[in-house]
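In: need the 3D shape of this:
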Amino acid sequence: MLQLKPRKDRQLLRNMVFFGRTLRRLGVECTLPQIFTLVDAMEHINLRERQEFKDAARTVLIQRADQIGIFDQVFDLFWSDRAIKPRDKIDLGRILRQALKRNKTLIALPADGADPSDATPTDDDVIELRATYSASEVLRHKDFAELTSEENRVVRRMMLERPWQIDRRRTRRKEAAPKGPTLDIRRSMRHSLRHGGEMVKLTWRRRRTKPRPLVILCDISGSMEAYSRIFLQFIYALSTTSDRLEAFVFGTRLTRISRQLKHRQVDVALRQATARVVDWGGGTRIGESFKRFNYDWGRRVLGRGAVVVVLSDAWDRGDVDMLEHETARLRRSCGRLIWLNPLLGSPGYEPLTRGIRRVLPYIDDFLPVHNLTSLEQLGRILATLGPNR
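Out: Presented below is the predicted three-dimensional model:
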């Protein structure tokens, strides 16, 4: 039987009961013993890790595969609109009510004094939930060039709420570990002195990991304006999770905007970054911009397995031979070169321009970047680079 502690566990239990009531209202079988099991499970996980908490709740509360979609949607309502806080301060019920005020057609909850088991879920409840959720699904697949100002704000919020991660790299230095490929003879001998020289316990070492440097080069020419402004918001979202990110924009000249993107408020950061750029929406000289980056910044920000992400449609007005030469040099200096082209998301697109055909042999990943789904694909690649890349 669950032993409740004063205030702390009672607050968590109240939130879990409210969560279970909402699931039952939508036709998901969720009993009170399952809620108690979930509350007990909270003692063994880190509540600051959103995915860990979500996996635990789904494992305990969901018994049928066709209910996973409804669970994910309801869970996101409770979690997304509030920064992660200690569990005794998370008021899930209040978060859901606030979400319902913004979208009144999403879920029809029973009154606070009513018995949720008496409310029989209807097909309309589930259909309305899925229809409302499909609006965000449409935004995930909608081309950035077609977004309205309101949709732009929604997409930006979705970018900031997503937990972007950049994979770590293994260094040559080693550290102590419970298990590892290398025996730590010095520490093992030191521990043996406590037992009269007997090797009672062996200690191990493994290679230390560090954050991987990430360098982003964003094309801000006229042909890329609709995508580069959205991509700047994505760069800001990445910068909030990585302190080893360097951002540059280029048109006819190269401009570093890493310092401007470090501001805590996204609107101020983007406004400062935009104000620093003097060639926004102009022509494109990719080869000259790459040359300036290689000579002025390459040795400072590349190396140690750095990943370079280039956003450009490769419509270059400059010297194509210089573009190929500098792209090859850039590839030799970094651990991985990813090229993002918004035109790649168009049906029937083929890389026929001179610029893109000349740089393709030096690109590790050639990906689209025309909607939020394509950015999520990039996020998965950045999170799974592997320790040796």
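In: beta partners of T255?
Out: V249 (DSSP bridges).
In: and it, how many neighbours does it have?
Out: 20 (other C-beta atoms under 10 Å). Placement of C-beta: from N, CA and C, glycine included.
In: state the distance from it to S346.
Out: 28 Å (C-beta to C-beta, to the nearest Å).
In: same question, G251
Out: Taken as C-beta to C-beta, the span from G251 to S346 is 22 Å.
In: pLDDT at E324, what is it?
Out: Here, the pLDDT recorded for E324 equals 90.
In: same check on R332?
Out: Taking R332 on its own, its pLDDT is 90.
In: average pLDDT across stretch 302-314?
Out: For stretch 302-314, the per-residue pLDDT averages 85.
In: contact partners for the residue most central in space within the chain?
Out: By C-alpha atoms, centre = their mean, the chain has its centre lying nearest to W164, at 1.9 Å. Counting by C-beta atoms under 8 Å, 6 or more residues apart in numbering, W164 makes contact with 237-238, 241, 379, 382-383.
In: so which of those residues comes closest to M16?
Out: Distance to M16, by C-beta to C-beta, is smallest for T241 among the contacts of W164, at 28.8 Å.
In: any low-confidence regions in this protein?
Out: Counting by pLDDT under 70, the chain contains low-confidence ranges at 1-14, 47, 78-137, 386-389.
In: got the domain ranges for it?
Out: Domain assignment for the chain by automatic domain parsing gives 8-141, 170-210, 212-383.
In: tell me how far the longest one is from the chain's mean position?
Out: On the basis of C-alpha atoms, centre = their mean, to the nearest Å, domain 212-383 is displaced by 18 Å from the centre of the chain it belongs to.
In: quick one: end-to-end distance for it.
Out: 10 Å (C-alpha to C-alpha, to the nearest Å).
In: can you say which of the domains of the chain is nearest to R153?
Out: R153 sits nearest to domain 212-383 of all the domains of the chain, at 9.9 Å, using C-beta to C-beta.
In: quick one: strands adjacent to the strand ranked longest in the chain?
Out: Using DSSP state E, we find that the single longest strand of the chain is strand 168-177. Using DSSP bridges, strand 168-177 pairs in its sheet with strand 204-211 (antiparallel).
In: buried stuff in the strand it pairs with?
Out: Neighbour-count burial for strand 204-211 flags 204-207 (criterion: 16 or more other C-beta atoms under 10 Å).
In: pick out the most distant pair among those.
Out: Maximum distance among the buried residues of strand 204-211 (C-beta to C-beta): 11.6 Å, for W204 and R207.
In: that older thread, will you turn the domains of the chain into TSV that also has distance to V155?
Out: Formatted as TSV, these follow (distance: least, C-beta to C-beta, whole Å):
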stretch	distance to V155
domain 8-141	6
domain 170-210	32
domain 212-383	6
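In: most tightly packed of these?
Out: Of the domains of the chain, the one with the most neighbours on average (mean count of other C-beta atoms under 10 Å) is domain 212-383, at a mean of 19.
In: hmm, back to that, show the subsequent helix or strand relative to the longest strand of the chain.
Out: strand 182-183 (DSSP states H and E).
In: what helices and strands are in contact with that next one?
Out: strand 204-211 (3 or more C-beta pairs under 8 Å, 6 or more residues apart in numbering; DSSP states H and E).
In: and the next helix or strand past the strand it packs on?
Out: Assigned by DSSP H and E, the successor of strand 204-211 is strand 214-219.
In: quick check: next helix or strand after that next one?
Out: As assigned by DSSP H and E, the chain's next helix or strand after strand 214-219 is helix 225-239.
In: what's that next one in contact with?
Out: 144-145, 147, 152, 155-156, 159-160, 162, 164, 166, 214, 216, 218-220, 245, 247, 249, 258, 261-262, 266, 269-270, 273-274, 280-281, 311, 340, 342, 369-370, 375.
In: what angle separates that helix from strand 214-219?
Out: 170 degrees (axes from the mean of the first three to the mean of the last three C-alpha atoms, to 10 degrees).
In: now do the contacts for the residue nearest to T353 when sequence neighbours are not counted.
Out: Nearest residue to T353 in three dimensions, chain neighbours excluded: A314, at 5.6 Å (C-beta to C-beta, 6 or more residues apart in numbering). A314 is in contact with 286, 341, 351, 353, 355-356, 359, counting by C-beta under 8 Å, 6+ apart.
In: now with 10 Å, please.
Out: By C-beta atoms under 10 Å, 6 or more residues apart in numbering, the residues touching A314 are 219, 223, 284, 286, 320, 323, 327, 339, 341, 343, 351, 353-360.
In: may I have the phi/psi pair for it?
Out: Dihedral angles of A314 (phi, psi; degrees, to the nearest 10) stand at phi 70, psi 20.
In: state the distance from it to R357.
Out: The gap separating A314 from R357 is 9 Å, by C-beta to C-beta.
In: quick one: the helices in the stretch 51-200 of the chain?
Out: 68-80, 92-102, 123-141, 149-161, 185-192 (DSSP state H, counting those that start in this stretch).
In: for G20, which non-adjacent residue is closest in space?
Out: C30 (4.3 Å).
In: pretty sure the one you found contacts T37?
Out: No - the criterion here is C-beta atoms under 10 Å, and C30 misses it with T37 at 11.0 Å.
In: what sits in contact with each of the two?
Out: Common neighbours of C30 and T37, using C-beta under 10 Å, 6+ apart, are 16, 60-61.
In: closest one of those to G335?
Out: Of all these, V60 has the smallest distance to G335: 40.6 Å, by C-beta to C-beta.
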